[in-house]
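Trainee: sequence and predicted structure are below.
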Amino acid sequence: MLIILDRDGVINQYAGGYICSPDDWHPIPGSIKAIARLCSAGHRIAIATNQSGIARGYYDRDTLDAMHRKLGRLLRIAGGHIDFIAYCPHHPDEHCTCRKPEPGLLQQIQRHFNLKTLAGSVMVGDSRKDLEAAAKKGCQPILVRTGNGLDTEQELQTRPLAESAQVLVYDNLRSFTDAFLSGRDW
């Protein structure tokens, strides 16, 4: 199965500011091992991440690549890997089609894996934008309470997704992985 992950707030720590260097990029405890476990179970892993810090001039593509190399090194040590990373470098004012909640990043992932549909795939995120993009492409939306997740969970109680997709909620990527690999909730 294809599992699509948001990056900031799902894999790495995120407190609302921009992560502008590999030194500022710190994994959430348990997230690296969780990805490695998903890989070991035969699942393909992709990342879909908005990175408007590039358009804002906070960092460049080479710095983003360095952050992703750091992620890759940590995953290799743990026995995992990322199959594909799709990112949106645009400013929100550019109104591009790849910035979540638009489905462009997921369409890139779909093309990369040569899939007719993403239905049956899973997308794990911490924001409403992640969940809306997932629902638009037929993925099962998963919310984690890390990053912006607690605020998003509270918002969903009063304003559910328009796509009427059932959102499953877990404390973090590790608890999602535990449930997913055990078959619980699935």
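Mentor: Nice, thanks for sending it over.
Trainee: could you point out the longest helix in the chain?
Mentor: helix 61-78 (DSSP state H).
Trainee: avg pLDDT for it?
Mentor: For helix 61-78, mean pLDDT is 98.
Trainee: over to stretch 137-157?
Mentor: Mean predicted lDDT for stretch 137-157 stands at 96.
Trainee: report the distance from that stretch to the chain centre.
Mentor: 11 Å (Cα atoms, centre = their mean, to the nearest Å).
Trainee: can I get the CA coordinates of it in PDB?
Mentor: Listed in PDB are the C-alpha atoms of stretch 137-157, where the atom choice follows Å, rounded to 0.1, in the frame of the first residue of the first chain:
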ATOM      1  CA  LYS A 137      -7.800  12.200  -4.300                       C
ATOM      2  CA  GLY A 138      -9.700   9.400  -2.500                       C
ATOM      3  CA  CYS A 139      -7.000   8.700   0.100                       C
ATOM      4  CA  GLN A 140      -7.900   7.700   3.600                       C
ATOM      5  CA  PRO A 141      -7.200  10.900   5.600                       C
ATOM      6  CA  ILE A 142      -5.300  10.300   8.900                       C
ATOM      7  CA  LEU A 143      -4.800  13.100  11.400                       C
ATOM      8  CA  VAL A 144      -2.000  13.000  13.900                       C
ATOM      9  CA  ARG A 145      -2.100  15.200  17.000                       C
ATOM     10  CA  THR A 146       1.500  16.300  16.600                       C
ATOM     11  CA  GLY A 147       2.400  19.600  15.000                       C
ATOM     12  CA  ASN A 148      -0.800  21.400  14.300                       C
ATOM     13  CA  GLY A 149      -2.800  18.300  14.900                       C
ATOM     14  CA  LEU A 150      -4.500  19.200  18.200                       C
ATOM     15  CA  ASP A 151      -5.800  22.500  16.700                       C
ATOM     16  CA  THR A 152      -7.000  20.600  13.500                       C
ATOM     17  CA  GLU A 153      -8.800  18.000  15.600                       C
ATOM     18  CA  GLN A 154     -10.600  20.700  17.500                       C
ATOM     19  CA  GLU A 155     -11.500  22.500  14.300                       C
ATOM     20  CA  LEU A 156     -12.900  19.300  12.700                       C
ATOM     21  CA  GLN A 157     -15.400  19.000  15.600                       C
END
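Trainee: how about the helices in the protein?
Mentor: Going by DSSP H, the chain shows helices at 31-40, 61-78, 104-112, 128-136, 149-158, 173-182.
Trainee: got the angle between the longest one and helix 31-40?
Mentor: Direction vectors for helix 61-78 and helix 31-40, defined by axes from the mean of the first three to the mean of the last three Cα atoms, to 10 degrees, enclose an angle of 70 degrees.
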